[in-house]
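Participant: Have a look; sequence and predicted model below, questions after that.
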Amino acid sequence: MLHSHELTIGTAIMTRTHRKIAARRNSAREDRVPRLDAVTRSPRAGSAWSTLARPIVTGLAAVLISTSHAVGAHPLCFEAEDALATVEPMIEVNSTNSPLKGTHLDPKGASGSTFLEVPQGEGNPPKVPGGQSSYTFSLDESGTYYLWCRVWWLDECGNSSTMVLNGGHPFTFGQDAVYKTWHWVKAPRRIKDLKMDAGPQTLIIQNREDGVRIDQILLTLDKRYVPVGVEKSRALPRSSQNDKPDGK
Ligand SMILES: [Ca+2]
């Protein structure tokens, strides 16, 4: 449910066509980097080229290629269910417990056949205090990140979560009008806490509405990177209490 004081969130359901466009852009960038074998090809062995210029040009090509890789660094993607701790009514749903939890969504549509959910009727509204998942992860580079989540919203009263990055100001994530299908949603760039230093970080996703499902979380510095479908994820450490909610 949209409130006037809340921030709106950009949405993207990307098609294969978008992916192809992104791939062509990436390919075009790579084409601008000189090929190592092309720039180091000498006119003839034993010439001044081979003894002086070749090592210099080879070194320059190596720097250009290294820089290209740094700019196009891979995003960090992890599973929503890899939370350090999950507190009800936010729950983990998989093929084992989904019938017991009352969800009618096939978990196979989610990465790892597992996702986090605030089940309809158990969240907020109706008002149920608490409920969250928390994460710790590490970033290799400092910068202002793009934060994406792969989500499934039930309806206009079940299309958002509250997020907190590194203990900062809580912000609303979601509010887009794409329902009952998995899709990627991006946090607005105006969130100041998206500017992060390299090193350990914390993220908390809080229950704000029910009918909400979250599959994957992705962070990237590349504004041209648009996640599509299930992304390759990296494992995060999980606490033992998350696997044993009763503490037994
Ligand atoms: Ca998942």
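Facilitator: Looks like it came in fine.
Participant: Work out for me the element Val178 sits within.
Facilitator: Element membership for Val178 (DSSP states H and E) is empty, with no helix or strand holding it.
Participant: Test my guess that Leu147 contacts Tyr225.
Facilitator: No: at 11.9 Å, Leu147 does not count as touching Tyr225 under the criterion of CB atoms under 8 Å. Heads up, the C-betas are built off the backbone N, CA and C, glycines and all.
Participant: Neighbour count: the two, which is higher?
Facilitator: Neighbour count, other CB atoms under 10 Å: between Leu147 and Tyr225, Leu147 has more, with 22 against 17.
Participant: Return the list of strands paired to the helix or strand hosting the more buried one, each annotated with direction.
Facilitator: Leu147 is located in strand 146-153, with elements delineated by DSSP H and E. Strand 146-153 pairs in its sheet with strand 183-186 (antiparallel), strand 212-220 (antiparallel), by DSSP bridges.
Participant: Out of these, which gets nearest to the ion?
Facilitator: Taking CB to the ion, strand 212-220 is the member of the strands paired with strand 146-153 nearest to the ion, at 4.3 Å.
Participant: ok, and does that closest one reach over to the ion?
Facilitator: Yes: using CB under 5 Å from the ion, we find that strand 212-220 touches the ion at Asp215.
Participant: pull the CA atoms of that strand into PDB?
Facilitator: What follows is strand 212-220, C-alpha atoms only, in PDB (Å, rounded to 0.1, in the frame of the first residue of the first chain):
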ATOM      1  CA  VAL A 212       5.600 -10.800   0.200                       C
ATOM      2  CA  ARG A 213       8.300 -13.300  -1.100                       C
ATOM      3  CA  ILE A 214      12.000 -12.700  -1.600                       C
ATOM      4  CA  ASP A 215      14.300 -15.000  -3.500                       C
ATOM      5  CA  GLN A 216      17.700 -13.400  -4.200                       C
ATOM      6  CA  ILE A 217      19.500 -10.200  -3.300                       C
ATOM      7  CA  LEU A 218      22.100  -8.600  -5.600                       C
ATOM      8  CA  LEU A 219      24.500  -5.600  -5.300                       C
ATOM      9  CA  THR A 220      26.500  -4.100  -8.100                       C
END
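Participant: Next secondary structure after the strand holding Leu147?
Facilitator: Scanning the chain past strand 146-153 towards its C-terminal end, the next helix or strand to appear is strand 160-165 (assignment: DSSP H and E).
Participant: and the chain, what are its domains?
Facilitator: 19-71, 75-236 (automatic domain parsing).
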